[in-house]
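# give the three-dimensional model of this entry:
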Amino acid sequence: MPLKDGEIITLDYEGRTDGILFDTTLEKVAKKEDAVVENRKYSPITVVVGEGRLVPGLENNLKQAKIGKVTEVTIAPEEAYGTRDTKLIETMSVAKFRRVCPDAKGYVGEEITMDGRPGILANVYGSRVRVDFNPPLAGKELVFKYTVKSVVKKPVDVIHSLFTMEYPADEDFEVKVEKGVAQIKLPERTKFDVNWFQAKYRVVAAIRKHTKVTDIEFLEHYEGTKPEKKEKKAAKKKVAKKKTSSKKK
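Coordinates of the predicted model:
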């Protein structure tokens, strides 16, 4: 049966352009092609079918996929990241570039951010530089090889998957659903991660949209002051008595 809009699935994939791997969820593939991203946790991603988080060509092909079957699809630029737009390529003086991007190293191919826009330093010639603000894969034909690993159905698993979709968590965390109330024991990193404040509202919105829970509770755990053991207290009293008796002498 084809996948339906709104179904939540887990997905493994590898994406290539011009035969070169640009992204994958599979660590063994990344290692084989010497493309491991440092500190990345390789595992299947969570996708809500029909929600538009994948490039259109892959999203459309995905609906016909079968669970557990390896599928390969070639996607034209128009159905991927679009064609290249010459209006998004800007030429400026080296002086302006240095002023706006003081931390840039200045080599061709460098990824930079200028006025909040990500771009690539495309060319340096004389006193001028050219910056390309097109998406890196714009104008490229993409080839995806992917496998739908599972369709997530249990309420606890759905909430767990939606949480990690909106807020990728490298550590495990607990989810309980009782009498329509979802309790989520938050990962430790949320205590000091400023990104969690915004992600929390996305998590709540996703759970409201895709589940029937009536309430959502986030639980944080902090250790309090632990009481001293009785043996230690008794030892302290003995020491105190000895000190008192010695003073009397």
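
# CA atoms for contacts and neighbours, from now on please.
Will do.

# buried sites along stretch 71-79?
Neighbour-count burial for stretch 71-79, with 16 or more other CA atoms under 10 Å as criterion, is recorded at 71-72, 74-79.

# for the record, mean pLDDT for that stretch?
Taken as a whole, stretch 71-79 carries a mean pLDDT of 96.

# show residues contacting it.
Counting contacts by CA atoms under 8 Å, 6 or more residues apart in numbering, the residues outside stretch 71-79 that touch it are 55-58, 61, 65, 83, 138-147.

# just the buried ones from the residues you listed, in ChimeraX syntax?
The following ChimeraX line selects those of these that are buried, judged by 16+ other CA under 10 Å:
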select :56,57,58,65,83,138,139,140,141,142,143,144,145,146,147
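
# re the thing from before, next step: the buried residues of stretch 71-79 restricted to strands.
Using DSSP state E to define strands, the subset of the buried residues of stretch 71-79 located there is 71-72, 74-75.

# other SSEs contacting whichever strand or helix holds residue 199?
When secondary structure is defined by DSSP states H and E, residue 199 falls within helix 195-210. Contact partners of helix 195-210 among helices and strands, from 3 or more CA pairs under 8 Å, 6 or more residues apart in numbering; DSSP states H and E: helix 155-166.

# the helix or strand following the helix it packs on to helix 155-166, inter-axis angle?
Scanning forward in sequence from helix 155-166, with DSSP H and E defining helices and strands, the next element found is strand 174-178. Taking axes from the mean of the first three to the mean of the last three CA atoms, to 10 degrees, one finds that strand 174-178 is oriented at 140 degrees with respect to helix 155-166.

# would you mark the buried spots in strand 174-178?
Residues 175-176 are the ones in strand 174-178 that count as buried (16+ other CA under 10 Å).

# alpha carbons of it, as PDB, please.
Extracted in PDB, the C-alpha atoms of strand 174-178 (Å, rounded to 0.1, in the frame of the first residue of the first chain):
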ATOM      1  CA  GLU A 174      11.600   9.100  28.400                       C
ATOM      2  CA  VAL A 175       8.100   9.400  27.000                       C
ATOM      3  CA  LYS A 176       5.000   8.200  28.800                       C
ATOM      4  CA  VAL A 177       1.300   8.500  27.800                       C
ATOM      5  CA  GLU A 178      -1.300   7.900  30.400                       C
END
